[in-house]
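Novice: Would you be able to build a 3D model of this:
(4 chains)
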Protein chains: 4
Amino acid sequence: MQPTLDHPPPSLDHLPQSLVEDETLAAAGALRVAWARSNMPLLAGLRAEFERERPLAGRRIGMCLHVESKTGVLVEVLRAGGAEVVWTGSPATTDDGVAAALAGAAGIRVYARRRDSLADHHEHVERVLASGPDLLLDNGADLIAGCLRREDSRVTAATEETTSGANRLREELAGAVPFPVVVINDSPLKLLFENQHGIGPAVVDGFLRATNSLIAATTFAVVGYGSCGRSLARTLRALNAAVLVVERDPVRALEAAFEGMRVRDLAGALREAHVVITVTGRPGIVRREQLLGLRDGAMLANVGHFGTEIDVPALEALAVRRTEVSPHVTEYQLESGRTVRLLARGEMLNLSAASGHQIQIMDLGFALQAHSLRELARTPQGFVPGLQPVPAAIDRQLATEMLGTLPTVELGT
Amino acid sequence: MQPTLDHPPPSLDHLPQSLVEDETLAAAGALRVAWARSNMPLLAGLRAEFERERPLAGRRIGMCLHVESKTGVLVEVLRAGGAEVVWTGSPATTDDGVAAALAGAAGIRVYARRRDSLADHHEHVERVLASGPDLLLDNGADLIAGCLRREDSRVTAATEETTSGANRLREELAGAVPFPVVVINDSPLKLLFENQHGIGPAVVDGFLRATNSLIAATTFAVVGYGSCGRSLARTLRALNAAVLVVERDPVRALEAAFEGMRVRDLAGALREAHVVITVTGRPGIVRREQLLGLRDGAMLANVGHFGTEIDVPALEALAVRRTEVSPHVTEYQLESGRTVRLLARGEMLNLSAASGHQIQIMDLGFALQAHSLRELARTPQGFVPGLQPVPAAIDRQLATEMLGTLPTVELGT
Amino acid sequence: MQPTLDHPPPSLDHLPQSLVEDETLAAAGALRVAWARSNMPLLAGLRAEFERERPLAGRRIGMCLHVESKTGVLVEVLRAGGAEVVWTGSPATTDDGVAAALAGAAGIRVYARRRDSLADHHEHVERVLASGPDLLLDNGADLIAGCLRREDSRVTAATEETTSGANRLREELAGAVPFPVVVINDSPLKLLFENQHGIGPAVVDGFLRATNSLIAATTFAVVGYGSCGRSLARTLRALNAAVLVVERDPVRALEAAFEGMRVRDLAGALREAHVVITVTGRPGIVRREQLLGLRDGAMLANVGHFGTEIDVPALEALAVRRTEVSPHVTEYQLESGRTVRLLARGEMLNLSAASGHQIQIMDLGFALQAHSLRELARTPQGFVPGLQPVPAAIDRQLATEMLGTLPTVELGT
Amino acid sequence: MQPTLDHPPPSLDHLPQSLVEDETLAAAGALRVAWARSNMPLLAGLRAEFERERPLAGRRIGMCLHVESKTGVLVEVLRAGGAEVVWTGSPATTDDGVAAALAGAAGIRVYARRRDSLADHHEHVERVLASGPDLLLDNGADLIAGCLRREDSRVTAATEETTSGANRLREELAGAVPFPVVVINDSPLKLLFENQHGIGPAVVDGFLRATNSLIAATTFAVVGYGSCGRSLARTLRALNAAVLVVERDPVRALEAAFEGMRVRDLAGALREAHVVITVTGRPGIVRREQLLGLRDGAMLANVGHFGTEIDVPALEALAVRRTEVSPHVTEYQLESGRTVRLLARGEMLNLSAASGHQIQIMDLGFALQAHSLRELARTPQGFVPGLQPVPAAIDRQLATEMLGTLPTVELGT
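Specialist: Sure, this is the predicted structure:
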């Protein structure tokens, strides 16, 4: 039976007001949120509508999403729509200043610290669920899975940010979710812009910050030619790099060749490249054997979702010497005398050494979130239980709005 | 009931040997076929297999496809596989030399002349059907529709080259086809390479041949940002044009903006552009009203499938003077004193003023044809009646083979 | 002593009115001139000024420049300025229709036929000189050298179109020229736009017309990375080719590498490339030894000024079979069984298989000519005897005017 | 009379050993030098030669150049060649860790602290001169001008890094320098690679670090289309920005138009652009009047050599509110209600918000320095008193060496 909302949200008195690292960081965090806010025109427009319409009045949103400046703006918009927000993030990605800034606002509770352990995180998730939310904004399906285990769940609908969360709902939780879940990442709008336009420049930013090294005339091996790898390869080539593409799927590999890239098998690419970047979405791509095939002085970085595409423990085991040569570069000397320079410890270079996607790209993604939550609250009868994509009308509306923010676009009235 | 092949193909004695314009053109046509052949490595490889395996021995293929050098190579391959081919083309696109060259070969009959009227064409289609083919290679579903009307049809399977033919089968002929039809154009391989890589350079070729006019520093309006329009816009920009994109779908329009294009509504684009190129796939895009909004001296061309995207009769009606200034440029003077220069009479610029897709692109598309026909003949049980895409294994195999022909690709064994 | 103009130009009665192939070609030639004229806004503006000012009234211009549509427009402008023009071209490049069209105009004499032999050409040059010109517009310094040998020379000034003509004046004729010669090709404006923006697209046009072959995914070796080679390499890369650069000068080679090109020595490039294009400006680049190193099926073309960069006689000598496979492709089979496909017989591909530079590029170059002739006629005291560049003020003025013709440029008043 | 070196360098006992901020920063500084060193193959090769040949044995080099990691590697190489180095930098650009690391090495004295005032700097310059150098490596001609005022000067030759220093020598010090001065920045190699390939990516790096803002679909006005502005405009366009170019010189403006850029006057560009970047090399480009013409929310940055291209005091005077919204962004609210976001306080964005040129670019520039000093020491007779460019043979040799370090280059032996 689908839960209904005929009684008010439970009291929050049994929960801590918030759990953040240091309240004195709030001012600095507020500045970062302000900067993000001033570059997110879609959310700004939505905030004005939300203040007028109050579509989320009386709703309590349980939220699990990285606590940083851009998500902070999303939370503000949900709050402007009338919602209470009980929020946790992910360990290691929390911006403690932003957490402090938001924790002080009325109607928002934040449970998140950068130094949280996985155990801390699980406790935060339980706190969010214990608040009795009726809407969930989830990232990886932890909240959704958790609410299914609770007798007292009031959840009527949810959004799920990621594809990996959606996969979990399709497999582990197949058929078990009695309420609608809108999967944000399946939106063509999000796929198109985050992958195609967000990745390339963000990785270039991370590479330059980490290394101050030349891109032109440098040979990069891009391992994986999905939408992210393609964005990266095109961006590098536009900056005059020589790009080698490694891709097992022959249709994609042919696509790379038709874009003027050279295509190599992994061993050939490793022998030749100055810089190797994995972006396959699969673990264990560069293992012991591959590490031994790198040229002397090669740089090695990862952009794939998991920090396991490069087998860092294997690299550590092979090394006879290890030096942190700069904040994002670790140099390993192998027995052969060759050196390998690992960037950002094999974590996602665009996030670890730079600031991830450009703000406006996230504006688009978070506007999809806010729109979807509004529709789920306003017209629940328009959704079916279980997974579904963002309604196409929202995609079209947001694309139209974003076109309206761009000075390169002029459309008559 | 699905027809079977338990009796031999009927005699062809009642049909003319071939109907071509001029047999003395055969030598020149053979040269053009030879040039195409020497640049089609996929078909070359397939020919060798076909000669060995003879997968089409005893089969009679009824074929409707433009009669020109590249299709000529395809026919040779089918013939090498043991098939008889009875072939007609489309009016206006027939290369009379190629027709003459192929008409002289054993096992091939050709009914096609460049000057054929539509009535002539229908007679040729009837001739092909009267030959009693058991396989069809169709283009626009004329043969398929025709065989359904005949009592004596021996057809067991077909391929359909185009999306518009597939649409006809889905709509007008829905449920009526008792044998499998493989739609070539739905193959990701074909969509990807013909549209994404074939269109742009072919249009540039046509534009330069027709006009000898500058592309750099010139403002082009590309009307329609589907896969063909995108290819064209990217190619023009790569050649330093300033590109305006006109596109009604907001998601596609946003995609164009993210590629650095300026986006305009049609009226705004027409006011500003030096050169306007339609590529929408819909008729009546540039009509009387739009023609009056063009800047003085504007060039106007079409790349969309139908010659009706630009309303040429309206342009003729508006003009006070009309001059054929070069083989592919007609200049119209309007009452206002402005001139409009229409390229290739509004027909597809890439085909009319240039030679269409590059040979290697067609090699890929025709290899899909030949592979599909082989599979339909060899393992009919692998297919269901009605429309279906090219089996994914063929896409993968051809991509792998084409990778093998490219010197920019090195894959270990 | 610098000649003066105190007596009128001599009678032309002793010279034939004109010598052209076929006067009935005039109408077709006039159309081609009209098309060029309508795309040459700089010359159009200058023609209006010339009609008003008549800066060349009473002057007789002896002219040696390819007789084709764009030069035809230049001649019209000179005529509008009051000059008589006595014109010859170069053998093999004459457009007989344009010759016929111009030959019929008052004040213009044309001595040029496509089929002219070198001996015919020398006779034409003598006819031009015998007309007693007082200004020369020269191409290769034949007229200038010729007038120095004549007692009756009335020449007071000249322009020289080419760098090779300028070199001849610097070396063979050093110190011998008593009048000013403005070298058009040394203008930064001309170098910049003809080489940097004219070459690449024109070669692509020629390649596609000649071969209908794929550029994307194809490996091109560009031999020579001067301004023309760089333009070509960049254009090919923009169209998704894989480009190898061969260049002996290490600074230029490094420049190519920094643009993301791969750099190879000639032997390595020949082993790898699908298509080899010479653009060095030096003869004998691809000789017997190099021809033997080409891969099977390689295409070979030249864009350099001289048709001798590829040693075609050596190729003929090596071949066991030679086939004209299409109007611009000759296929040679070597003893080894390999084939080599020579494009445009080793002549400049952009001129032989396409229409050379885009019209607007020539508009710029010919406006430099007309401006320079006006200044030479109007303010001879502003020039010194011997070689000199186009006055910088003309470069600036023409750049400003061309900016005014471009819709991508908006400059306030 | 040119000074000779017939007596040994004077004692340094009267000078402090070194003057650096904090010796405990040495370890961190050494790491940064090590990272730079491992990416500077040209200097690495030269170091090996210098150790073998000791071309600078017994020489004392007075040096004025930014004290940071890449210059640190240059100093090490000079030291390996046998020289003593007495070094000062520029206020505000000193890396105190690198200063500390180098100050501890034998044969090197460093006088430089990030917090140095201009008065401190002048004292350091005097210390360097008081050390009695016989070679100078100068930056802005302060050392050269200073030594001319001293009776006891032992200087026999110098290099000057910058164009502005060269200009000072050409004007203020014209004819006054009795020893050869090699101007590094006039080398085609340095101009080509620093400006053409160093600037664009470094500015992109600075922009992304400072703002995390989108480049694609964003309109950038690049004010100034010299070699630096062109590099920036091309790089932004390659990343899918829409670029407006502002340039007064019509030939350069036309060049921009031919690269597909839109060209605007300054007022028009300011009205339209999201982001305005000055790179003209002249002060006072964006003044009060221009600031009032910016669109709401516009970002404003400078890449030109002087921090005065944007009139920051005028902006401060116009503002009713000023907020430091992030480390490199100051937001000004104007009376009109509009905001302007100034990046990096109007200082060079590539240096202030990023790490300047890529290491390998500086490797090239500093190799020119080391080579030139070696030649000046070894074959002084090859030089004349006064300014001169780097000998062409050094350019060629370094280009050849750098080609040898690039895996995209394969040249046979």
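Novice: Test my guess that residue A:287 contacts residue A:311.
Specialist: Yes: with contacts counted by Cβ atoms under 8 Å, residue A:287 reaches residue A:311, the gap being 4.6 Å. The way it works is simple: take the backbone N, C-alpha and C, and place the C-beta from them, glycine included.
Novice: Can you report how many residues lie near the nearest residue to residue A:212 once chain neighbours are set aside?
Specialist: Taking Cβ to Cβ, 6 or more residues apart in numbering or on different chains as the measure, residue A:212 lies nearest to residue D:355, with 4.3 Å between them; neighbours along the chain are not counted. By the criterion of other Cβ atoms under 10 Å in any protein chain shown, residue D:355 has 20 neighbours.
Novice: So residue D:355: helix, strand or coil?
Specialist: Put simply, residue D:355 is coil when judged by DSSP: H, G, I helix; E, B strand; the rest coil.
Novice: Now for it: which residues touch it?
Specialist: Each residue near residue D:355 by Cβ atoms under 8 Å, 6 or more residues apart in numbering or on different chains is listed here: A:208, A:209, A:212, D:202, D:205.
Novice: which two in these are spaced the farthest apart?
Specialist: Maximum pairwise distance among these (Cβ to Cβ): 11.4 Å, between A:209 and D:202.
Novice: so what sits against both of these two?
Specialist: Shared contacts of residue A:209 and residue D:202, defined by Cβ under 8 Å, 6+ apart, comprise D:354, D:355.
Novice: With neighbour numbers in mind, choose between those two.
Specialist: Taking other Cβ under 10 Å, residue A:209 and residue D:202 do not tie; residue D:202 has more neighbours (28 against 23).
Novice: quick one: contacts for the closest residue to the more buried one other than its chain neighbours?
Specialist: Nearest-residue entry for residue D:202: residue D:350, 3.8 Å, with adjacent residues in sequence omitted and distances by Cβ to Cβ, 6+ apart. For residue D:350, the contacting residues are D:199, D:202, D:203, D:205, D:206, D:303, D:356, D:357, by Cβ under 8 Å, 6+ apart.
Novice: Mind telling me what element the first one is part of?
Specialist: When you say that, I think you mean residue D:199. The secondary structure element spanning residue D:199 is helix D:199-211 (assigned by DSSP states H and E).
Novice: Which elements pack onto that helix?
Specialist: Under the contact criterion of 3 or more Cβ pairs under 8 Å, 6 or more residues apart in numbering or on different chains; DSSP states H and E, helix D:199-211 touches helix A:199-211, helix D:227-238, strand D:298-302, strand D:339-343, helix D:349-352.
Novice: Let me know the distance separating residue A:411 from residue A:144.
Specialist: Counting by Cβ to Cβ, to the nearest Å, the separation of residue A:411 from residue A:144 is 39 Å.
Novice: more neighbours, the two?
Specialist: The residue with the greater number of neighbours, taking residue A:411 and residue A:144 and applying other Cβ under 10 Å, is residue A:144; the counts read 24 against 17.
Novice: host element of the more buried one?
Specialist: helix A:142-148.
Novice: Ok, residue A:50 next?
Specialist: Element membership for residue A:50, per DSSP H and E: helix A:41-53.
Novice: Give me the contact list for that helix.
Specialist: Outside helix A:41-53, the residues within contact range by Cβ under 8 Å, 6+ apart are A:37, A:56, A:73-74, A:76-78, A:80-82, A:360, A:363-364, A:366-367, A:370-371, A:374, A:398, A:401-402, A:405.
Novice: chain center to the longest strand along chain A, what's the gap?
Specialist: If each strand of chain A is counted by residues according to DSSP state E, the longest one is strand A:319-326. Using Cα atoms, centre = their mean, to the nearest Å, the mean C-alpha position of strand A:319-326 is found 30 Å from that of the whole chain.
Novice: Contact residues of the stretch 51-200 of chain A facing chain B?
Specialist: For the stretch 51-200 of chain A, the contact set with chain B under Cβ under 8 Å from any Cβ of the partner chain comprises A:188, A:189, A:192, A:193, A:196, A:197.
Novice: now the closest residue to residue A:117 other than its chain neighbours: how far from chain D?
Specialist: Spatial nearest neighbour of residue A:117, chain neighbours left out: residue A:91 (6.6 Å); criterion: Cβ to Cβ, 6+ apart. Taking Cβ to the nearest Cβ, to the nearest Å as the criterion, residue A:91 is separated from chain D by 22 Å.
Novice: just checking, residue A:91 touches residue A:121?
Specialist: Yes: with contact defined as Cβ under 8 Å, residue A:91 and residue A:121 form a contacting pair (5.1 Å).
Novice: out of these two, which sits in the more crowded spot?
Specialist: The neighbour count for residue A:91 versus residue A:121, taken as other Cβ under 10 Å, is higher for residue A:121 (21 against 17).
Novice: Is the longest helix along chain A positioned near chain D?
Specialist: The residue-count maximum for a helix in chain A (DSSP state H) belongs to helix A:359-378. Yes: interface with chain D: helix A:359-378 contributes A:359, A:360, A:361 (Cβ under 8 Å from any Cβ).
Novice: Can you tell me which of those comes closest to residue A:317?
Specialist: Lowest distance from residue A:317 to the residues of helix A:359-378 next to chain D (Cβ to Cβ) belongs to residue A:361, with 37.9 Å.
Novice: For the closest one, which non-adjacent residue is spatially closest?
Specialist: Once flanking residues are discounted, residue A:361 sits nearest to residue A:198: 4.4 Å by Cβ to Cβ, 6+ apart.
Novice: Residue A:161 now?
Specialist: With sequence-adjacent residues excluded and distances taken as Cβ to Cβ, 6+ apart, residue A:161 is closest to residue A:139, at 4.5 Å.
Novice: which residues touch that neighbour?
Specialist: Listed by Cβ under 8 Å, 6+ apart, the contact set of residue A:139 reads A:64, A:65, A:66, A:90, A:160, A:161, A:162, A:165.
Novice: follow-up on the earlier one: among the residues of helix A:359-378 next to chain D, which ones are buried?
Specialist: Neighbour counting over these (16 or more other Cβ atoms under 10 Å in any protein chain shown) leaves A:359, A:360, A:361 as the buried ones.
Novice: contacting residues for the closest residue to residue A:199 other than its chain neighbours?
Specialist: The shortest distance from residue A:199 to any non-neighbouring residue, by Cβ to Cβ, 6+ apart, is to residue A:231 (4.3 Å). Contact criterion Cβ under 8 Å, 6+ apart gives A:195, A:196, A:197, A:198, A:199, A:200 as the residues in contact with residue A:231.
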